[in-house]
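**Q** Attaching a predicted model along with its sequence, questions to come.
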Amino acid sequence: MGFIADLEWVQNMAGEARLKKIRNIGIIAHIDAGKTTLTERILYYTGRTHKMGEVHNGAAVMDWMPEEQERGITITSAVTTCTWEGATINLIDTPGHVDFTIEVERSLRVLDGAIGVFCAVGGVEPQSETVWHQADKYRVPKLAFINKLDRIGADFWAAVQSLKDKLGAHPLVLTIPMGQEDQFRGVIDLLKQHAIIWCDETLGVAFEEVEIPPEFQAEARTARESLLEALAEVDDEIMERYLGEKPLALEELQAAIHRATINLKGVPVYCGSALKNKGVQPLLDGIVRYLPNPTEIAAIEGENPRNGLKETRPARDHGPLAALAFKIAMDQGRRQTFVRIYSGILKTGQEICNPVKGITEKVARILRMHANKRERLDEARAGSIVALMGLKATTTGDTLCPADHPIILEPISSYIPVISLAIEPKTREDQEKFALALSRLAEEDPSLRVQVDEDTGQTILSGMGELHLEVLIHRLQRDFQTEVNTGRPQVVYRETIAQAAQESVIFDRDLAGKHHYAQVKVKVSPRERGAGNHFISRLADDHPAAGWIPIIQAAVNEALAAGPVQGHPMMDVQIELLDAEVREGQATDMAFRVAAMLAVKQGCQAAQPLLLEPIMKVEVIAPEEFMGEVIGDFNARKGRIAQLLPKGPVRVLRGAAPLAELFGYSTDLRSATQGRGTFTMQFDHFGPVDRRGGS
């Protein structure tokens, strides 16, 4: 027994040592901040690739899809693995476009750390805020990389200030630039107090550490003092030594920064220019030194489906398997399931349980991914992010575990689609492939909705934006060889109510030789926007109708699927079941179902029903001389301006407008500003349809 215990101890220690060398990180940012370019440099400098791919010529390794290469943007999150200073870095490059925000959401759900990339010219932009707050939701520690310091208009300290102002971050600036714009030469390491200059001839692989040039010494001293003050604010040990004017060793400062980062009290900030191959290696050092390994984050928590109790799965090899499927992808017609393994060991050929679906799956292959290339593994251990082949029914958000140690981990949030279009196959041959292709795409993308309109028989595709649907149509044609006809994009509407109402309905009828009777009384009332629908039963446990509550609740949900205004789904409505009457021998499922549906529908009709439309948060950037025309056009689109700010030679308009008014806005804005205006938008909320102008 002693030998077995010693062996287990050795195995646990070896497993913990391996886990401490793992970093599961993602790169998150606004579109065009330079995420993929930074990822390409990371892969090149870590030796994972031997050629540096560029986004602008369609050669980036991580943007492997044809649609990504054509558009020069990231559409799907790509996974790869590299090593630096003895640590294994599992890296996910995520999209920056708002239409593909589900890719960011499900990546952050399984990551332990993130790098926020910010443009030194634009600072924190709208989608930067979205992805940063997504990371906050999952309590993911972060580093910040201020990129593009070589560009005209770059302002490092303004970008750092925007981290404070817009994100509420507590920056710990570890490197500052030597010069900006065309004078950008390298960076100054404030901890080690030396300058780093890169060799252009080696594409940034070679660099030298030199003394800080005299012209930058005063700025470096001031910045280091600010760093120590910022660190003292969030770390008591540093505060004590700093106030006592005691010397602080490099190791003490690094340990304090690590504590502040993993406790979400501070954000280490690095700077550089990924495109010019400067500033990447210090960032890699920061990833290894400051972001957490799997043992430093809270043990994943889930629910035991057998008893409903909460259980945890600490990160260790020799514990029960717990893995979360976070992405489904089709590769040459074969299904790949991407999973994060939180604990245990998964082996090829192993049978595993999916307690969410109540099924058993068999792992045919385990793959370590490098974008769209793969490497076969015999097993994967805790802390790994891998792709599995052979799983037939597992979908995004499902848990994988052993049958004798079941657990269900928190699922991955999805999003409400805001735009839809009708779609149909062009030919009979396409008809045969059409349904299968759509089901495959829906498996891959949880933010895609496919439904058939009962009135028209049309297939309706709903997604997060025009680009999202456009990419899906192209994929149908390219990946599945299915040609389709499409209608015009349409806004996805919702309905709600503005006040409370009560309704009581009696269903009393003879049908098919049987008498059916039920009486249902409900109260409908509005909830806060975004709170969702909610059903409450006020019936006591011993009420004669208590056994029919599940039937009534199902009927309520069915009634809320079509509102009283135009038949769109209802949202943010609370339904209270106040009373129900049962007659012996006459109470039936059908009677309660019909009575409940009618009560809800009539109640909503009497509660001042409203039609809701998607309202988008909009940011427009245009030269000052065109702002008058831009503002007039924005107001004509029923937009509401919240801020109008100067930003160098341009003006920034921030506001909100209905999605229905923004179709084609990009073209109109370019026309009005001689091609110099840009805008971004993201879904904000559903609001009442604005009737200004007769819409």
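**A** Thanks, I have the structure now.
**Q** Which strands border the lengthiest strand in the chain, and is each parallel or antiparallel?
**A** Using DSSP state E to define each element, the chain has its longest strand at strand 609-623. For strand 609-623, the paired strands and their directions (DSSP bridges) are strand 494-497 (antiparallel), strand 650-658 (antiparallel), strand 678-688 (antiparallel).
**Q** Tell me which residue of this protein is furthest from the middle?
**A** residue 513 (55.1 Å; Cα atoms, centre = their mean).
**Q** how near is that residue to residue 590?
**A** Distance, residue 513 to residue 590, by Cβ to Cβ, to the nearest Å: 14 Å. For the C-beta atoms, the positions are set from N, CA and C on the backbone; glycine is no exception.
**Q** Columns mean neighbour count and distance to residue 285 on top of the strands paired with strand 609-623, output as TSV?
**A** Converted to TSV, the strands paired with strand 609-623 look like this (neighbours: other Cβ atoms under 10 Å; distance: least, Cβ to Cβ, whole Å):
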stretch	mean neighbour count	distance to residue 285
strand 494-497	23	48
strand 650-658	19	35
strand 678-688	17	32
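**Q** Out of those, which is closest to residue 209?
**A** Among the strands paired with strand 609-623, the nearest to residue 209 by Cβ to Cβ is strand 650-658 (38.1 Å).
**Q** For that closest one, give me every contacting residue.
**A** Residues from elsewhere that reach strand 650-658 (Cβ atoms under 8 Å, 6 or more residues apart in numbering): 491, 613-624, 627, 630-631, 634, 637-646, 681, 684, 687, 689-690.
**Q** can you check stretch 630-644 too?
**A** For stretch 630-644, contacts defined as Cβ under 8 Å, 6+ apart pick out 618, 620, 622, 627, 651-658, 661-662, 665, 668-669, 672-673, 677, 690, 692-693, 695.
**Q** tell me which element the closest residue to residue 231 other than its chain neighbours falls in.
**A** Distances taken as Cβ to Cβ, 6 or more residues apart in numbering place residue 238 nearest to residue 231, at 5.0 Å, with adjacent residues excluded. Using DSSP states H and E, residue 238 falls within helix 236-243.
**Q** After that helix, which helix or strand is next? Please name it.
**A** Next element after helix 236-243 (DSSP H and E): helix 250-262.
**Q** how about that next one: buried residues?
**A** Across helix 250-262, burial judged by 16 or more other Cβ atoms under 10 Å covers 253-262.
**Q** got those residues as JSON lines, with pLDDT and distance to residue 29 columns?
**A** Below are the buried residues of helix 250-262 laid out as JSON lines (pLDDT from 0 to 100; distance: Cβ to Cβ, whole Å):
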{"residue": "253", "pLDDT": "94", "distance to residue 29": "27"}
{"residue": "254", "pLDDT": "95", "distance to residue 29": "25"}
{"residue": "255", "pLDDT": "95", "distance to residue 29": "28"}
{"residue": "256", "pLDDT": "95", "distance to residue 29": "27"}
{"residue": "257", "pLDDT": "96", "distance to residue 29": "22"}
{"residue": "258", "pLDDT": "96", "distance to residue 29": "23"}
{"residue": "259", "pLDDT": "95", "distance to residue 29": "26"}
{"residue": "260", "pLDDT": "96", "distance to residue 29": "22"}
{"residue": "261", "pLDDT": "96", "distance to residue 29": "18"}
{"residue": "262", "pLDDT": "95", "distance to residue 29": "21"}
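**Q** which among those gets closest to residue 582?
**A** Closest to residue 582, out of all of those and judged by Cβ to Cβ, is residue 262, at 57.4 Å.
**Q** From residue 342, how far off is that closest one?
**A** 17 Å.
**Q** Give me the phi and psi angles of residue 590.
**A** Residue 590 adopts backbone torsions of phi -60, psi -40, taken as degrees, to the nearest 10.
**Q** and it, what does it touch?
**A** With contact taken as Cβ under 8 Å, 6+ apart, residue 590 is in contact with 511, 516.
**Q** Turn the strands paired with strand 609-623 into a markdown table, columns for mean pLDDT.
**A** Conversion of these to a markdown table gives the following (pLDDT from 0 to 100):
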| stretch | mean pLDDT |
| --- | --- |
| strand 494-497 | 94 |
| strand 650-658 | 89 |
| strand 678-688 | 84 |
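**Q** So for residue 168, which of these sits nearest?
**A** strand 650-658 (17.5 Å).
**Q** Let me know the next secondary structure element after the closest one.
**A** The first helix or strand that comes after strand 650-658 along the chain, using DSSP H and E, is helix 665-672.
**Q** Show me which residues of that next one are buried.
**A** 665, 669, 672.
**Q** Go ahead and list the helix or strand containing the spatially closest residue to the last one that is not a sequence neighbour.
**A** Spatially, and ignoring its direct neighbours in sequence, residue 672 is nearest to residue 629 (5.0 Å; Cβ to Cβ, 6+ apart). With the criterion set as DSSP H and E, the secondary-structure element containing residue 629 is helix 627-636.
**Q** got it, and residue 317?
**A** Residue 317 is part of no helix or strand when elements are defined by DSSP H and E.
**Q** No further queries at this time; thank you.
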